[in-house]
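J.: just coords:
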């Protein structure tokens, strides 16, 4: 509050100083430059301490000086107008310069000033043609102001905020000075109207910019909040506690590309003591994929209880999901496996997912499990063939989604299967979580600073007979 | 970027794909395939296709589903090694084969 009071006093002070300067210009051309300089300094100081708004209002004052100069040769008048242009340019928001309307009004101003100067310079005061030309100028200036208002905010002139009271205050002062000549006052009125339009336009532009920035900012924040909430939901649902079982470890991890994604893995301990593992990848990524991933999860949880084996589980999942996925134009690839810790037999079925790798502890070989299938949502009533494989102690199976092998580096090379196999063989004796960390680390090193392009998910099932390990996630 | 060239040979439409079929270009692809009707066969020539992602696969899947409704067959030709492998893994070739054999 105190600042605005100071501003008002400062404003009055500068107005008086400006008037003083203006009258000095009329009576003494030699001191013009000095007064203009002082005036400019005063404006800049005002801007430093106070708001730019008050300064823009006061920058009208050189206009008045310019008006007075119309009774003087065009050269002097141009100098004054140049001073006005400089102050306006300095004081206006940089953004305004870039807008073509700002420059258009300056061109128009110069043309009109030139016209008025020519008209009134050679025409005797008080003659009919003099007043006619003045009225014509007023009309054209008012028209320009109206036009510029519409161009910016599609409304008429807001008299209340237009700073018109500045104009009247200053006009009053100038009348006193030029009481012996009323004609300059008329010209003054024209040009002040026009100058006010400058502020109208720039203010309008600034407000438009501010409003659109505000809207964009709000939208961005809302969106960010929603994504965060969605991510939290997905994170809670996805990070199921890993089941405890005798005879091995199982670990799973999923890192989404855009903080939320369509990759999925899950576990289920069956009534017969087997461990059912599922890993899946919904088409696409981001929020749409995440939504369908949740559908898939529900379908799995439903099917896992009823399905006697992985093949039947996939068939049930497909029957649950087929209509929805078809309607949405999407699909999901899923790999489902049952592990029997007693017999160490892994039974599995595949619905279009990339095949897991099996690393043999003894031979340190790394092979792909055989067995392809059609993705879920591809065909209705789909039967899935089951395969079995015997695992031994220290063997492990690496289930994953294609985000790993498809990761690309700066040269556009893909990570590919070969690099993955090397890592899996290298860390064959490490615990499940360590294997996952190493794989993720190597992929990150490979892609260096490039953002992650696809969701990365992996599940490691390690056979370890002697120890009862608490599986860790 | 994706370039789709369409050629009608009797009752067969041949779509030659060039470039990349992924989430940013599927709309271009769908634009060409949505209005296909009254034909007996659609051939997707992927000789010029460099890369396809899961969304691209989804778009092809949609065409396959469309072909079932509108009574034409779909064949995929000249896919490069990587794309062939991907389509093989997700089971798209298998699916088209099964449909051709009349299994609904």
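T.: Thanks, I have it. No experiment lies behind these values; they were computed from the predicted model shown. Numbering: from 1, shown residues only, chains lettered A, B, ... in the order given.

J.: buried stuff in stretch A:350-368?
T.: By 16 or more other Cβ atoms under 10 Å in any protein chain shown, the buried positions in stretch A:350-368 come out as A:350-361, A:366. The C-beta positions use only the backbone N, C-alpha and C, and glycine is treated the same way.

J.: which one in those residues is the model shakiest on?
T.: Minimum pLDDT for the buried residues of stretch A:350-368 is recorded at residue A:361 (85).

J.: And for it, nearest residue in space, chain neighbours not counted?
T.: For residue A:361, ignoring the flanking residues on the chain, the nearest one in space by Cβ to Cβ, 6 or more residues apart in numbering or on different chains is residue A:394 at 2.6 Å.

J.: Quick check: the gap between that neighbour and chain B.
T.: Going from residue A:394 to chain B by Cβ to the nearest Cβ, to the nearest Å gives 28 Å.

J.: Quickly check: stretch A:376-391 near chain B or not.
T.: Yes: Stretch A:376-391 lies within reach of chain B by Cβ under 8 Å from any Cβ of the partner chain, at A:377, A:378, A:379, A:380.

J.: rewinding a little: mind putting the buried residues of stretch A:350-368 in TSV, distance to residue A:228 and secondary structure included?
T.: Shown next, in TSV, are the buried residues of stretch A:350-368 (distance: Cβ to Cβ, whole Å; DSSP: H, G, I helix; E, B strand; the rest coil):
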residue	distance to residue A:228	secondary structure
A:350	35	strand
A:351	32	strand
A:352	32	strand
A:353	29	coil
A:354	30	coil
A:355	35	coil
A:356	32	coil
A:357	34	strand
A:358	38	strand
A:359	37	strand
A:360	43	coil
A:361	42	coil
A:366	38	strand
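
J.: just curious, which of these is nearest to chain B?
T.: Among those, residue A:352 lies closest to chain B (Cβ to the nearest Cβ), at 4.0 Å.

J.: give the contact list for that closest one.
T.: Taking Cβ atoms under 8 Å, 6 or more residues apart in numbering or on different chains as the criterion, residue A:352 is in contact with A:331, A:333, A:334, A:372, A:373, A:374, A:375, A:376, A:378, B:89, B:90, B:91.

J.: per-residue confidence averaged over the helix or strand containing the second one?
T.: Spelled out, that is residue A:333. Assigned by DSSP states H and E, residue A:333 belongs to strand A:332-340. Mean per-residue pLDDT for strand A:332-340: 94.

J.: swap in stretch B:93-104?
T.: Across stretch B:93-104, the per-residue pLDDT values average to 81.

J.: Show me which residues of chain B sit near chain A.
T.: B:23, B:54-55, B:57-59, B:61-62, B:65, B:88-92, B:94-95, B:98-99, B:103-104.

J.: Inside strands: which ones of the residues you listed?
T.: Among the residues of chain B next to chain A, no member falls in strands (DSSP state E).

J.: Which entries within the residues you listed meet the buried criterion?
T.: B:23, B:54-55, B:57-59, B:61-62, B:65, B:89-92, B:94-95, B:98-99.

J.: Could you list the residues of chain A in contact with chain B?
T.: So chain A meets chain B at A:281, A:283-284, A:326, A:329-331, A:333, A:351-355, A:372-375, A:377-380 (Cβ under 8 Å from any Cβ).

J.: Give me the buried entries from those residues.
T.: Looks like those have A:281, A:283-284, A:326, A:329-331, A:333, A:351-355, A:372-375, A:377-379 buried, using 16+ other Cβ under 10 Å.

J.: Longest strand in chain B, by number of residues?
T.: From DSSP E, the single longest strand across chain B is strand B:41-52.

J.: what pLDDT, on average, does that strand get?
T.: Taken as a whole, strand B:41-52 carries a mean pLDDT of 92.

J.: Contacts for that strand, please.
T.: Counting by Cβ under 8 Å, 6+ apart, B:3, B:11-22, B:33, B:36, B:60, B:63, B:67, B:72-80, B:82-83, B:86-87 sit against strand B:41-52.

J.: pLDDT wise, what is the residue nearest to residue A:361 at?
T.: Looking at residue A:394, the pLDDT reads 88.

J.: Distance of residue B:10 relative to chain A?
T.: Separation of residue B:10 from chain A (Cβ to the nearest Cβ) stands at 29 Å.

J.: Now do the same for residue A:292: helix, strand or coil?
T.: Under DSSP: H, G, I helix; E, B strand; the rest coil, residue A:292 falls in the helix class.

J.: Would you quantify the distance from it to chain B?
T.: Counting by Cβ to the nearest Cβ, the gap from residue A:292 to chain B is 11 Å.

J.: so what's that residue up against?
T.: Going by Cβ under 8 Å, 6+ apart, residue A:292 touches A:262, A:282, A:283, A:325, A:328, A:330, A:332.

J.: So which of the residues of stretch A:376-391 next to chain B belong to strands?
T.: Those of the residues of stretch A:376-391 next to chain B lying in strands (DSSP E): none at all.

J.: Contacts only, for the residue in chain A positioned nearest to chain B.
T.: Per Cβ to the nearest Cβ, residue A:374 is where chain A lies closest to chain B, at 3.4 Å. Shown in contact with residue A:374 (Cβ under 8 Å, 6+ apart): A:351, A:352, A:382, B:90, B:91, B:92, B:94, B:95, B:98.

J.: Residue A:333 is in contact with the fourth one, correct?
T.: Yes: at 5.8 Å, residue B:90 and residue A:333 qualify as touching, with contact defined as Cβ atoms under 8 Å.

J.: Find residues that contact each of the two.
T.: Shared contacts of residue B:90 and residue A:333, defined by Cβ under 8 Å, 6+ apart, comprise A:352, A:375.

J.: Where does pLDDT dip in the stretch 201-350 of chain A?
T.: A:201-203 (pLDDT under 70).

J.: ok, which stretches of it are strands?
T.: All strands of the stretch 201-350 of chain A, identified by DSSP state E, counting those that start in this stretch, fall at A:248-255, A:263-269, A:275-282, A:332-340, A:345-351.

J.: quick one: the fourth one to strand A:275-282, angle?
T.: In terms of direction (axes from the mean of the first three to the mean of the last three Cα atoms, to 10 degrees), strand A:332-340 departs from strand A:275-282 by 170 degrees.

J.: For strand A:332-340, name the packing helices and strands.
T.: Here strand A:332-340 touches strand A:275-282, helix A:286-306, helix A:310-328, strand A:345-351, strand A:396-400, going by 3 or more Cβ pairs under 8 Å, 6 or more residues apart in numbering or on different chains; DSSP states H and E.

J.: before we move on, back to that, so the residue of chain A closest to chain B sits in a helix?
T.: No: counting by three-state DSSP, residue A:374 is not part of a helix but coil.

J.: which non-adjacent residue is nearest it?
T.: With Cβ to Cβ, 6+ apart, the residue lying closest to residue A:374 is residue B:91, at 3.4 Å.

J.: any idea how far that neighbour is from residue A:352?
T.: 5 Å (Cβ to Cβ, to the nearest Å).
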